[in-house]
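Novice: Provided below are the primary sequence and the corresponding predicted coordinates.
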Amino acid sequence: HQVLKELASFCVTLPGREQALSIRPFEEMGGAGAAYREYAELVRVIKERGRFPLAGVTDIRPWLSKLGPTNAYLLPEELLSISVCLTASESIRQLQNERFSKLYPLLSSLIGVISDESALIREIGRVFDEKGEIRDSASPELLRIRKEVRSIKARAKELVDYFLNDKKTKEILQEEIVTIREDRYVLLVAAGRQAEFPGIVHGRSNTGATYFIEPLKLVEVNNKLAILKKEEKEEEIAVLRALSASVFSRREALMCDLEVLSALDCIQAKALFAEAYSAHVPKLKEAGEARFFSARHPLLAINEVSAG
């Protein structure tokens with residue numbers, strides 16, 4: 001239905017759009033009246049407090065569904081998206097107080113079922129920094145590994161600087177820079193001079209003018225760094241697995257919270273739709289004839305606005 005599609009376009013979440021598209025006529029007057037009252041409350045909320053903070057909320061259902069008793073775990077971007085939903089839910093939950101309940105009883109009843117996930121929000125914040133990277137402090141083992149990685153990298157830099165500043169080495173380098181090939185520090189040695197430089201060849205440039213050579217003195221350091229990077233990856237997965245288990249333990253509550261956010265998104269879309277097309281709530285009667293004054297079909301209103 002074109003009208004429902006237009007209504008759904010005012011939603012900011014996928015589940016909210018799904019709810020908008022699934023709207024059907026009410027079979028009883030009571031259902032229609034309740035829906036109008038919810039709408040009227042949300043119109044007042046927007047005027048007095050602004051829109052609900054739903055921007056950035058994504059459909060977390062697929063991620064929650066893939067978790068289970070197995071060793072499945074969520075990726076950082078998935079956990080961070082869940083965190084956005086949790087933060088939105090918590091911000092809306094915090095609106096609840098005695099005054100809000102009196103002014104907006106229907107919305108208050110809806111918001112009242114949102115679960116308190118502040119502990120899970122803190123746990124996710126403890127694992128990820130502002131850039132979405134896993135913090136060193138996410139686990140004691142990860143902290144230890146990363147400290148050692150930094151120490152090994154510092155040692156590698158010392159050795160690289162030694163080669164770059166060595167007069168004999170400079171003569172056979174194609175460029176005085178260090179690069180990484182196959183996760184190992186290598187130097188750029190001029191073709192034809194590679195036999196003069198003791199090390200392991202990790203490839204040749206496309207032009208053939210340069211050999212990528214790992215100095216023998218760097219082999220042990222690179223080996224140690226490779227082992228540490230593997231340990232780091234394993235520990236990061238262990239951290240993600242533990243955090244995913246915490247999310248899984250709250251799966252049912254999070255699914256319910258998403259339903260509430262979706263419902264609020266859909267009701268808010270009705271308010272925004274009404275504002276965009278100057279729509280008004282009719283007065284409902286249980287019986288008698290229906291009278292329409294200055295009424296327009298929604299499609300005509302949509303076409304008029306689209307036409308400018």
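Specialist: That came through, no problem.
Novice: So residue 51: helix, strand or coil?
Specialist: coil (DSSP: H, G, I helix; E, B strand; the rest coil).
Novice: And for residue 77?
Specialist: helix.
Novice: was I right about it contacting residue 133?
Specialist: No. Residue 77 lies out of contact with residue 133 (C-beta atoms under 8 Å); the separation is 11.3 Å. Just so you know, the C-beta spots here come from the backbone N, C-alpha and C atoms, and that holds for glycine as well.
Novice: Give the buried residues for stretch 53-62.
Specialist: For stretch 53-62, the neighbour count (16 or more other C-beta atoms under 10 Å) marks 53, 54, 57, 58, 59, 60 as buried.
Novice: Nearest residue to the residue positioned nearest the centre of the chain in space, ignoring adjacent ones along the chain?
Specialist: The geometric centre of the chain, computed from its C-alpha atoms, lies nearest to residue 81 (C-alpha atoms, centre = their mean), at 2.6 Å. The shortest distance from residue 81 to any non-neighbouring residue, by C-beta to C-beta, 6 or more residues apart in numbering, is to residue 58 (4.8 Å).
Novice: Hmm, residue 83 and the one you found touching each other?
Specialist: No. Counting by C-beta under 8 Å, residue 58 sits too far from residue 83 to count as a contact (10.8 Å).
Novice: Show the subsequent helix or strand relative to the host helix or strand of residue 42.
Specialist: Assigned by DSSP states H and E, residue 42 belongs to helix 29-49. Going down the chain from helix 29-49, the next helix or strand is helix 61-66, by DSSP H and E.
Novice: ok now do residue 237, which residues does it touch?
Specialist: Residues in contact with residue 237 (C-beta atoms under 8 Å, 6 or more residues apart in numbering) are residue 73.
Novice: could you pull out the strands for this structure?
Specialist: Listed in chain order, the strands found in the chain under DSSP state E are 173-181, 184-190, 199-204, 210-215.
Novice: residues near residue 134, how many?
Specialist: 20 (other C-beta atoms under 10 Å).
Novice: Kindly report the same for the one 10 residues further on.
Specialist: Counted with other C-beta under 10 Å, residues neighbouring residue 144 total 14.
Novice: now swap in residue 221 and tell me
Specialist: Neighbours of residue 221 using other C-beta under 10 Å come to 21.
Novice: who are the neighbours in contact with it?
Specialist: 152, 155, 156, 159, 185.
Novice: quick one: which of these sit in helices?
Specialist: 152, 155, 156, 159 (DSSP state H).
Novice: so who does the last one touch?
Specialist: Pointing back at residue 159 there. 215, 217, 218, 221.
Novice: please redo it, this time with the cut-off set to 6 Å
Specialist: Residue 159 makes contact with 217, 218, according to C-beta atoms under 6 Å, 6 or more residues apart in numbering.
Novice: State the distance from it to residue 211.
Specialist: Per C-beta to C-beta, to the nearest Å, residue 159 is found 18 Å from residue 211.
Novice: low-scoring pLDDT stretches of the stretch 1-150 of the chain, where are they?
Specialist: 69 (pLDDT under 70).
Novice: my read: the residue nearest to residue 81 touches residue 80, true?
Specialist: No. Using C-beta atoms under 6 Å, residue 58 is not in contact with residue 80; the gap is 10.0 Å.
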